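J.: I'll drop the sequence and a predicted model, then ask my questions.
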Protein chains: 2
Amino acid sequence: MKSGLNFLVAAKRCEIAELQQLALTSALVNVSARLVHGLQRERGLCNLYLGSLGTRFAEARAQQIDDCRRIEAELRACFDTLDTDSARPGHGARLFSRIAYLLHGLDALPALRQQVDALQWSARQATEAYVRLIAGLLAVVFEAADSAGDPEISRLLVALFNFMQGKEFAGQERAAGSALLATGRAETGEQQRLLHLIESQERCLQVFTEFSSPEVGALWAQTQASAPLAELERMRRILGTAAHSAPLDASQCQAWFDCCSLRIDGMKAVEDRLAQDLQRVCEEKITAARGDLQACLALSAPTAAAGDPLSFFRDTPAPPGGSAGAGLAVPAHGYGPQLERSILELVQAQARRLQTMGDELDTVRASLNERKLIERAKGLLMAHRQLSEEEAHKTMRQMAMNQNRRLIEVAEAVLAMAAVL
Amino acid sequence: MKSGLNFLVAAKRCEIAELQQLALTSALVNVSARLVHGLQRERGLCNLYLGSLGTRFAEARAQQIDDCRRIEAELRACFDTLDTDSARPGHGARLFSRIAYLLHGLDALPALRQQVDALQWSARQATEAYVRLIAGLLAVVFEAADSAGDPEISRLLVALFNFMQGKEFAGQERAAGSALLATGRAETGEQQRLLHLIESQERCLQVFTEFSSPEVGALWAQTQASAPLAELERMRRILGTAAHSAPLDASQCQAWFDCCSLRIDGMKAVEDRLAQDLQRVCEEKITAARGDLQACLALSAPTAAAGDPLSFFRDTPAPPGGSAGAGLAVPAHGYGPQLERSILELVQAQARRLQTMGDELDTVRASLNERKLIERAKGLLMAHRQLSEEEAHKTMRQMAMNQNRRLIEVAEAVLAMAAVL
């Protein structure tokens, strides 16, 4: 028959398994981040290639495609290491279904590149295709952040997800600005879209700042304190404030692109650092949890005599310094006659620690609610108005721009309306 | 290399594994509920036995102890079926650590019974010991409700947990009222405690009503529409309103006990019904999920030709009737040239369905926050004032009674104070 100690050990083993799972997921997130970066560059070069009607950037684009293929192969290898055979309860279903979607997108990537090779798609169409693919990658990172069972790791994933999403908005801003300048004329709709992208970007970066460590925050501030950013803000102002159909200087196209690219490449350093921190924290936590497990196992040594069972009904004072943060270290008074009580204290400390972790987790995950509300509102529009996901998204974005409100406010309004109907 | 379809199937398999896990947990909850009921009766008889100084109720108590031993053996057998060897990520750690605590309590039960046999513990001490043991069982049910990954099952578990907790307060009310009447004199502290138990009980039953189905709600209303309840309310009024140190009719002790017992036994029927519903819903969901899995597997038949990969970049209109509730049935237009698109639609429908389930789950789990806040405040008091769990609980309950506030309000005040300090 299994004892309390068996379950204490089993609980500890589950925690380790969860952390190992998170380490795998973090490796996957790391490769995903690199693929997102690669595809962002490929998208930019594809736009320049299409803009030049295939006369320029062909080589740079081919090189970038090679790069992306390599990272894609790495990501697929990561997916292959995920244990899809032994179905396990937990958050697997959500992560796997995001991966299933993403794999369809990656399968479609060669066909997309062929369309671009043959100049059969417009820059706009191609951009939208890349945006969708990158969104699929981001959804995997989001799911990882939402399903992580450790608050510290979840916090890092939330910071990374928001940073990646912000960087993607920056990439879309680069594309939208380039397209606008290329036409040589201001156009209110496109200008609004540009401003919307800047705003969404800043919102994401703000959440990233809230959740990142002081060191990463400092690194971010440092990459931001550069000349290109001032130049970017100057060009943003010109693009954003030009009157409708006023002429724009099309020769600024390259300058805009370079300026945006410098910033985005700078963001890469922060992203890399976050991904590194993530893997380091996973490893540290696994080591610590293994130490705790050893402490538990030491208790089941054959010398362990039966203690006083009635200690269960006596009050156990809280260990000094608060039980919440206490690990499973062997109590100072050792074992022996106190054994039963010692195990009981470990069990209680563990239960309390897991609960505290659960509370912290809830707090971290609450920051992901904004995106969930937007997705929920989108789903509602799709169902009620028979819209595609893209159409639903565009409808909400248009409402936000027309009413000068944030996307989350529009989503809340849509959901509130649904509750009334 | 794994395909999108592999991950779609893997996601479905994870869902099934989660449901099977929930079916096991539900079986465990079912036995736990029966053991709680048995221990509540044992506690009642133990009080009567101690009250009569061992001259009466010995046989009834012995019989009840036999009953409890049988159910305990069943519960331990349930625990033995839990897979503690293959550590899995997910919520296992929390459930297992609650079970570890509970097993220590069950191990201590024979010693507790010996203390009572020998009349070495007062009725008060014995009652507190049983309260603690039953709290350990309820914590297992709470954890099951909090970790269930399916909103409908989580909802049933929340209803069941709150009902069980309400019933336990009713049991404590029975004990407190008996003790008060036995002394033959009103005592403000004990009267306050009685009123506190009635209020806590009603709060739990209110949450139960919110979360239970109309059928179970009707069953509950029916068991409540009986003569004993009116009699109980009359006696509650007398006990609650008597002036301090006014005489109480000690001969009413048995009447009070019988009246409370009738009500508690009536509650058992509702509890049994909820436990049955729980197991039925688990089975139905497993069957449905298996059907969905077959539909997925049918797609990987060797006849499946490669479809148009570019459909990933085209807008897929939402299926009529809303994608959120849609299962994974084969689309009306069948497969063939549409295969790629069909799989993609399944993947998107699944992602959306899992997301909706996640949203619903968050809503259901929010109802468990009250208990979590109280536990968090308790932990804080334990850490900051070096109190035992029991002392911390008593401190908060005393604050609630003194300030005429609900326990959750006191907990919020404690937590707010901590945030300030």
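T.: Looks like it arrived, so ask away. This structure is a prediction, so every number in the text was calculated from the model and none was measured.
J.: which residues of the stretch 51-200 of chain A fall in helices?
T.: Counting by DSSP state H, counting those that start in this stretch, the segments of the stretch 51-200 of chain A that form helices are A:58-81, A:92-117, A:123-147, A:151-183, A:188-211.
J.: could I get these as TSV with distance to residue A:416 and mean neighbour count?
T.: For glycine as for every other residue, the C-beta is placed from the backbone atoms N, C-alpha and C. Rendered in TSV, the data for the helices of the stretch 51-200 of chain A read as follows (distance: least, Cβ to Cβ, whole Å; neighbours: other Cβ atoms under 10 Å in any protein chain shown):
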stretch	distance to residue A:416	mean neighbour count
helix A:58-81	39	16
helix A:92-117	26	22
helix A:123-147	24	22
helix A:151-183	25	24
helix A:188-211	21	18
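J.: looking at the ones you listed, spot the one closest to residue B:72.
T.: Evaluated over these, closeness to residue B:72 peaks at helix A:92-117, with 34.2 Å, by Cβ to Cβ.
J.: can that closest one be said to contact chain B?
T.: Yes. Using Cβ under 8 Å from any Cβ of the partner chain, helix A:92-117 reaches chain B at A:92-94, A:96-105, A:107-108, A:110-112, A:115.
J.: what average pLDDT does that helix get?
T.: Summarised as a single mean, pLDDT over helix A:92-117 is 93.
J.: likewise stretch A:167-174?
T.: In the prediction, stretch A:167-174 has an average pLDDT of 94.
J.: what about residue A:86, distance to residue B:357?
T.: 22 Å (Cβ to Cβ, to the nearest Å).
J.: where does chain A dip in pLDDT?
T.: A:87-91, A:300-307, A:316-338, A:421 (pLDDT under 70).
J.: nearest the geometric middle of it, what residue?
T.: Nearest to the mean C-alpha position of chain A, counting by Cα atoms, centre = their mean, stands residue A:161 at 2.2 Å.
J.: that residue contacts residue A:148, correct?
T.: No. The pair residue A:161 / residue A:148 is not scored as a contact, 10.8 Å apart, by Cβ atoms under 8 Å.
J.: my read is that residue A:178 contacts residue A:257, right?
T.: Yes. Using Cβ under 8 Å, residue A:178 makes contact with residue A:257 at a distance of 5.4 Å.
J.: overlap in contacts, those two.
T.: Residues touching both residue A:178 and residue A:257 (Cβ atoms under 8 Å, 6 or more residues apart in numbering or on different chains) are residue A:48.
J.: let me see the contact set for the residue nearest to the centre of chain A.
T.: Residues counted as contacts of residue A:161 (Cβ under 8 Å, 6+ apart) are A:138, A:141-142, A:144-145.
J.: ditto for residue A:411
T.: A:373-374, A:376-378, A:396.
J.: same check on residue A:312?
T.: Contact analysis of residue A:312 by Cβ under 8 Å, 6+ apart lists A:340, A:344, B:104-105, B:107-108, B:132-133.
J.: tabulate the residues you listed (a markdown table), appending distance to residue A:315.
T.: Below are these laid out as a markdown table (distance: Cβ to Cβ, whole Å):
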| residue | distance to residue A:315 |
| --- | --- |
| A:340 | 15 |
| A:344 | 11 |
| B:104 | 14 |
| B:105 | 14 |
| B:107 | 18 |
| B:108 | 14 |
| B:132 | 10 |
| B:133 | 15 |
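J.: please report the distance of residue A:38 from residue A:130.
T.: Applying Cβ to Cβ to residue A:38 and residue A:130 gives a distance of 11 Å.
J.: spell out which parts of the stretch 51-200 of chain A neighbour chain B.
T.: Counting by Cβ under 8 Å from any Cβ, the stretch 51-200 of chain A sits next to chain B at A:76, A:79-80, A:84-85, A:87-94, A:96-105, A:107-108, A:110-112, A:115, A:128-129, A:132-133, A:139, A:146, A:149.
J.: wait, does stretch A:362-378 contact chain B?
T.: Yes. If you take Cβ under 8 Å from any Cβ as the test, stretch A:362-378 does meet chain B, through A:372, A:375-376.
J.: check which element follows the strand or helix carrying residue A:262 along the chain.
T.: Using DSSP states H and E, residue A:262 sits in helix A:253-299. Tracing the chain past helix A:253-299, the next element assigned as helix or strand by DSSP H and E is helix A:339-366.
J.: for that next one, the distance to its chain's centre please.
T.: 27 Å (Cα atoms, centre = their mean, to the nearest Å).
J.: next, the angle helix B:123-147 makes with it.
T.: 40 degrees (axes from the mean of the first three to the mean of the last three Cα atoms, to 10 degrees).
J.: and the next helix or strand past helix A:339-366?
T.: helix A:369-385.
J.: and the following helix or strand past that following helix, what's buried?
T.: Note on helix A:369-385: by DSSP H and E, the next helix or strand toward the C-terminus is helix A:389-402. For helix A:389-402, burial by neighbour count (16 or more other Cβ atoms under 10 Å in any protein chain shown) applies to A:389-393, A:395-397, A:399-401.
J.: wasn't residue A:243 part of a helix?
T.: No. Using DSSP: H, G, I helix; E, B strand; the rest coil, the secondary structure at residue A:243 is coil, not a helix.
J.: could you measure from it over to residue A:256?
T.: Counting by Cβ to Cβ, the gap from residue A:243 to residue A:256 is 19 Å.
J.: okay, these two: which has more neighbours?
T.: Per other Cβ atoms under 10 Å in any protein chain shown, whichever of residue A:243 and residue A:256 has more neighbours is residue A:256, with 23 against 8.
J.: residues contacting the more buried one?
T.: A:174, A:177-178, A:181, A:235.
J.: and which of these is nearest residue A:213?
T.: residue A:174 (27.9 Å).
J.: what about the closest residue to the closest one other than its chain neighbours, neighbour count?
T.: In space, residue A:174 comes closest to residue A:260 once its chain neighbours are excluded; the distance is 3.6 Å by Cβ to Cβ, 6 or more residues apart in numbering or on different chains. Residues lying near residue A:260 (other Cβ under 10 Å) number 23.
J.: now do the one 4 residues further on
T.: The tally of other residues near residue A:264 (other Cβ under 10 Å) stands at 19.
J.: for residue A:14, see how far away the nearest residue to residue A:351 once chain neighbours are set aside is.
T.: Computed as Cβ to Cβ, 6+ apart, the closest residue to residue A:351 that is not its neighbour in sequence is residue B:97, at 4.7 Å. Counting by Cβ to Cβ, the gap from residue B:97 to residue A:14 is 9 Å.
J.: how about residue A:120?
T.: Taking Cβ to Cβ, one finds residue A:120 at 52 Å from residue A:14.
J.: more neighbours: which of those two?
T.: Per other Cβ under 10 Å, whichever of residue A:120 and residue A:14 has more neighbours is residue A:14, with 24 against 11.
J.: what's in contact with stretch A:219-238?
T.: A:177, A:194, A:198, A:205, A:208-209, A:212, A:248, A:252, A:255-256, A:259-260, A:262-263, A:266-267, A:269-270, A:273.
J.: could I get the phi/psi values of residue A:247?
T.: With angles defined as degrees, to the nearest 10, residue A:247 sits at phi -70, psi 140.
J.: that one: how many residues sit nearby?
T.: Neighbour tally, residue A:247, other Cβ under 10 Å: 9.
J.: for it, list each beta-bridge partner.
T.: Beta bridges link residue A:247 to residue A:185 when assigned by DSSP bridges.
J.: wait, doesn't residue A:246 sit right on residue A:185?
T.: Yes. Applying Cβ under 8 Å as the test, residue A:246 and residue A:185 come out as touching, 7.2 Å apart.
J.: now the helix holding residue A:262 against helix B:92-117, angle please.
T.: 30 degrees.
J.: so what's the gap between helix A:253-299 and the chain middle?
T.: That offset, for helix A:253-299, works out to 12 Å (Cα atoms, centre = their mean).
J.: what's the nearest residue to residue A:12 if we skip its chain neighbours?
T.: residue A:293 (4.6 Å).
J.: residue A:42 too?
T.: residue A:64 (4.8 Å).
J.: same for the strand or helix carrying residue A:42, what does it pack against?
T.: Taking DSSP H and E as the criterion, residue A:42 maps to helix A:4-51. Helix A:4-51 makes packing contacts with helix A:58-81, helix A:92-117, helix A:123-147, helix A:151-183, helix A:253-299, helix A:339-366, helix B:92-117 when contacts are defined by 3 or more Cβ pairs under 8 Å, 6 or more residues apart in numbering or on different chains; DSSP states H and E.
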